[in-house]
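Trainee: Any chance you could fold what I've pasted below:
(chains A and B)
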Number of protein chains: 2
Amino acid sequence: MSYPAPLRFLIDQFSRFPGIGEKTAQRFVFYLLRQPPADIIRFARALMELQDSIIVCRVCFNYAEKTPCNICGDPTRDQETICVVAFSHEVGAFERTGEYRGAYHILGGNVNILDGITPDRLRIKELVERITRSEKKVQEVILAFNPDLEGESTGLYLYKLLMPYGMKLTRLARGLPRGADIEYADEITLADAIKARREV
Amino acid sequence: MSYPAPLRFLIDQFSRFPGIGEKTAQRFVFYLLRQPPADIIRFARALMELQDSIIVCRVCFNYAEKTPCNICGDPTRDQETICVVAFSHEVGAFERTGEYRGAYHILGGNVNILDGITPDRLRIKELVERITRSEKKVQEVILAFNPDLEGESTGLYLYKLLMPYGMKLTRLARGLPRGADIEYADEITLADAIKARREV
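Mentor: So this is what the prediction gives:
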């Protein structure tokens, strides 16, 4: 089936979206065809303006509308604690917990030598500069990476790099996730849960 | 987490896409943020022009770039056979088989009284007009609907409506799909496969 060229082009574009195949891309385009024209125009305009309207905070490197961003520029937040994450979309997960009132630093990825992501391609130099040049001494750096091979490598790399600076270095707790079933928990998780057990 | 407004707007827009939730919508927007600006502009422009560049064929009601569409206007195709489908995206499935060289008619949905989709809201009147007014007598109408409740209702409705016109009325074969396992086939499918068995 040869779709009309404008449909074909958009189906191809949507097929490149993460996790989207040809079929879903087709559904997207047929969905869009049914939308009110004014909505489509607004949507397309927002896409056009996306990259111009979004800048990167020059303190934490998160996407923002201004720099310093709402978090880095907020005097009520604890700017002496930095939570280092690989990707900016992970910031949302921490913010939604309501538990964290410190600042962030977005590396832009994990250290992964095999895939060519060497430390110099991440915002590690910028993290060190931020720590050394900050007006208030940074008290704690949370190495908040995924508990997988890439995340552990990144955490270990940063741990070694930052140790000489003398602030507290922490990582996220490991253990059973809420709702887990001990019977089906993997051994590493259960081992972590035993090692880090707490008095009740 | 309050995303910057332009991100928030696009995440909301993508969340309305069929089958897409908040998380996937976020991934889409972060994916777009990483694309070359020229690609985004081209993509957004294609979206803006989508509805203007696509028209509906006045013969078969498929989306097309011109009317009659490439299929209805093709003299090498059998215009005396009409395959009636519920949705235009189903045409692609038939075309990909390479088995069908006739024309199509897109109803725009299935008859579903409970959901308020009465026959007058579909392009059924137009199908009857097409059959009665066509220069060449229509020899066969294939009622090509999904083998589910909605599809069967639609097929039955059209069967009763078109019977008086005297052309051949057919429906798609039922049976085991390629790769099926008899052990796990549902009873209705297996019953269909027995009833419609053929000599080898």
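Trainee: What segments of chain A are strands?
Mentor: Counting by DSSP state E, the segments of chain A that form strands are A:55-56, A:63-64, A:78-85, A:102-106, A:140-143, A:168-171.
Trainee: Nearest to B:Ile124, out of the ones you listed?
Mentor: Between B:Ile124 and the strands of chain A, the shortest separation by Cβ to Cβ is 50.1 Å, and it involves strand A:63-64. C-beta here means a position set from N, CA and C on the backbone, and glycine is covered the same way.
Trainee: Check whether the closest one comes near chain B.
Mentor: Yes - when contact is scored as Cβ under 8 Å from any Cβ of the partner chain, part of strand A:63-64 falls within range of chain B: A:63-64.
Trainee: Any buried residues in the worst-scoring helix or strand of chain A on mean pLDDT, and which?
Mentor: The weakest-scoring helix or strand in chain A, judged by mean pLDDT, DSSP states H and E, is helix A:187-195 (a mean of 86). By neighbour count, with 16 or more other Cβ atoms under 10 Å in any protein chain shown as the criterion, the buried positions of helix A:187-195 are A:189, A:192-193.
Trainee: same check, this time on stretch A:68-85
Mentor: Buried positions in stretch A:68-85, judged by neighbour count with 16+ other Cβ under 10 Å: A:68-69, A:71-72, A:77, A:79, A:81-85.
Trainee: again with stretch A:152-162
Mentor: A:152, A:154-155, A:157-158, A:162.
Trainee: Closest one to chain B out of the residues you listed, please.
Mentor: A:Thr154 (18.7 Å; Cβ to the nearest Cβ).
Trainee: check contacts around the closest one.
Mentor: By Cβ atoms under 8 Å, 6 or more residues apart in numbering or on different chains, the residues touching A:Thr154 are A:86, A:107, A:110-111, A:143, A:145.
Trainee: show me the residues around the residue nearest the centre of chain A that make contact.
Mentor: With distances taken as Cα atoms, centre = their mean, chain A has A:Phe87 as the residue nearest its mean C-alpha position (2.5 Å). The contact partners of A:Phe87, taken as Cβ under 8 Å, 6+ apart, are A:106, A:108-109, B:30.
Trainee: quick one: low-confidence ranges for chain A?
Mentor: A:1 (pLDDT under 70).
Trainee: Go through it and flag its longest helix.
Mentor: When secondary structure is assigned using DSSP state H, the longest helix within chain A turns out to be helix A:37-53.
Trainee: Would you mind pulling the contact partners of that helix?
Mentor: By Cβ under 8 Å, 6+ apart, the list of residues contacting helix A:37-53 reads A:32, A:65, B:4, B:6-7, B:9-10, B:13, B:29, B:32-33, B:37, B:40-41, B:43-45, B:47-48, B:50-51.
Trainee: how many degrees apart are it and helix B:37-53 in direction?
Mentor: Computed with axes from the mean of the first three to the mean of the last three Cα atoms, to 10 degrees, the direction of helix A:37-53 lies at 170 degrees from that of helix B:37-53.
Trainee: Give the buried residues for helix A:37-53.
Mentor: For helix A:37-53, the buried set under the neighbour-count rule, 16+ other Cβ under 10 Å, comprises A:40, A:43-44, A:46-48, A:50-51.
Trainee: I'd like those residues as JSON lines, with distance to A:Glu95 appended.
Mentor: Written out in JSON lines, the entries for the buried residues of helix A:37-53 read as follows (distance: Cβ to Cβ, whole Å):
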{"residue": "A:Ile40", "distance to A:Glu95": "31"}
{"residue": "A:Phe43", "distance to A:Glu95": "26"}
{"residue": "A:Ala44", "distance to A:Glu95": "29"}
{"residue": "A:Ala46", "distance to A:Glu95": "23"}
{"residue": "A:Leu47", "distance to A:Glu95": "25"}
{"residue": "A:Met48", "distance to A:Glu95": "28"}
{"residue": "A:Leu50", "distance to A:Glu95": "21"}
{"residue": "A:Gln51", "distance to A:Glu95": "23"}
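Trainee: Closest to A:Leu176 out of those residues?
Mentor: Sorting the buried residues of helix A:37-53 by distance to A:Leu176 puts A:Leu50 at the head of the list, at 39.3 Å, by Cβ to Cβ.
Trainee: how near is that closest one to B:Ala44?
Mentor: Summarising the geometry, the distance separating A:Leu50 from B:Ala44, computed by Cβ to Cβ, to the nearest Å, is 9 Å.
Trainee: What of A:Ala38?
Mentor: Separation of A:Ala38 from B:Ala44 (Cβ to Cβ): 15 Å.
Trainee: Then A:Gln13?
Mentor: If you go by Cβ to Cβ, the gap between A:Gln13 and B:Ala44 works out to 10 Å.
Trainee: for A:Arg174, same thing?
Mentor: Note on A:Arg174: its distance to B:Ala44, by Cβ to Cβ, is 43 Å.
Trainee: Which of the contacts of A:Thr154 sits closest to B:Arg123?
Mentor: Proximity of those to B:Arg123 (Cβ to Cβ) peaks at A:Ala86, which lies at 51.6 Å.
Trainee: Count the neighbours of the closest residue to that closest one other than its chain neighbours for me.
Mentor: Leaving aside its sequence neighbours, A:Ala86 sits nearest to A:Asn110 (Cβ to Cβ, 6 or more residues apart in numbering or on different chains; 5.0 Å). Number of residues near A:Asn110 (other Cβ atoms under 10 Å in any protein chain shown) recorded here: 21.
Trainee: Test my guess that A:Asn110 contacts A:Gly155.
Mentor: No - counting by Cβ atoms under 8 Å, A:Asn110 stays clear of A:Gly155, with 9.1 Å between them.
Trainee: Overlap in contacts, those two.
Mentor: Common neighbours of A:Asn110 and A:Gly155, counting by Cβ under 8 Å, 6+ apart, are A:Phe145.
Trainee: beta partners for A:Leu169?
Mentor: Using DSSP bridges, the beta-bridge partners of A:Leu169 come out as A:Val141.
Trainee: okay, now it: neighbour count?
Mentor: The burial metric for A:Leu169, expressed as a neighbour count using other Cβ under 10 Å, is 17.
Trainee: measure it to B:Thr76 for me?
Mentor: Remark: distance between A:Leu169 and B:Thr76 (Cβ to Cβ) = 73 Å.
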